[in-house]
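K.L.:
Sharing a sequence plus its predicted fold:
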Amino acid sequence: MGILGGEGFSLPVVAEVEVVDAHIEFTETAKKAINDAMSGDGGSHVLVISAQSGGCSGYLYDMKIIEDPENDDFQRLEIDGISVLVHKKDSLLLTGITVDYKDTLMGGGFQILNPNADRTCGCGQSFG
């Protein structure tokens with residue numbers, strides 16, 4: 001049939017995204033854990049913090065250490081010698097967060113406090 005007959009393909013919806021200057025805080029324990037994870041690769045690698053669609057509240061936090069992409073799609077923050085990248089499309093969702101690291105008997109991990117989240121999941125990994 002083709003497109004005119006009602007079958008075919010759908011086009012992606014393009015939505016305009018508000019970009020703000022992201023401001024992110026890190027606790028001392030989080031900075032130490034990130035520096036330890038980078039293992040001296042701080043000159044060539046960066047920490048990327050993003051918000052991915054999913055989770056029970058709408059978005060999931062994602063943090064990863066990658067080789068510096070040197071890409072204009074990201075805002076670059078320098079936090080005590082750590083290069084942190086936030087994708088411009090995620091800036092409104094992530095500005096104002098505080099990244100912490102907890103080391104407990106059950107294992108350690110990063111925790112993110114987001115004062116702008118309307119709702120959060122009990123696991124602390126999802127927000128909306």
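P.N.:
Structure's in. What do you need? Since we're looking at a predicted model, the values are computed, not measured.

K.L.:
Where does pLDDT dip in the protein?
P.N.:
For the chain, the stretches with pLDDT under 70 are 1-15, 42, 54-57, 118-128.

K.L.:
mind listing the helices in this protein by residue range?
P.N.:
28-38, 91-94 (DSSP state H).

K.L.:
Between those helices, which one is closest to I79.
P.N.:
helix 28-38 (6.9 Å; C-beta to C-beta). C-betas here are computed from N, CA, C, even on glycine.

K.L.:
In the closest one, which residues are buried?
P.N.:
30-31, 33-34, 38 (16 or more other C-beta atoms under 10 Å).

K.L.:
One more: stretch 90-108?
P.N.:
Buried-residue list, stretch 90-108, by 16+ other C-beta under 10 Å: 90-91, 93-97, 99-101.

K.L.:
Need the residues you listed in TSV (columns: distance to Q111).
P.N.:
Formatted as TSV, those follow (distance: C-beta to C-beta, whole Å):
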residue	distance to Q111
D90	18
S91	21
L93	17
L94	14
T95	18
G96	15
I97	10
V99	8
D100	5
Y101	7
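
K.L.:
How much space separates G81 from E28?
P.N.:
G81 sits at a distance of 13 Å from E28 (criterion: C-beta to C-beta, to the nearest Å).

K.L.:
meant to ask about V20
P.N.:
Counting by C-beta to C-beta, the gap from V20 to E28 is 26 Å.

K.L.:
what about the strands in the protein?
P.N.:
25-26, 45-53, 59-67, 74-79, 82-87, 98-104, 107-113, 126-127 (DSSP state E).

K.L.:
related to what we said a few turns ago, could you dump the helices of the chain into CSV and include distance to A117?
P.N.:
Formatted as CSV, these follow (distance: least, C-beta to C-beta, whole Å):
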stretch, distance to A117
helix 28-38, 18
helix 91-94, 9
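
K.L.:
Select, out of the ones you listed, the one closest to L60.
P.N.:
When those are ranked by proximity to L60 (C-beta to C-beta), helix 91-94 comes first, at 10.9 Å.
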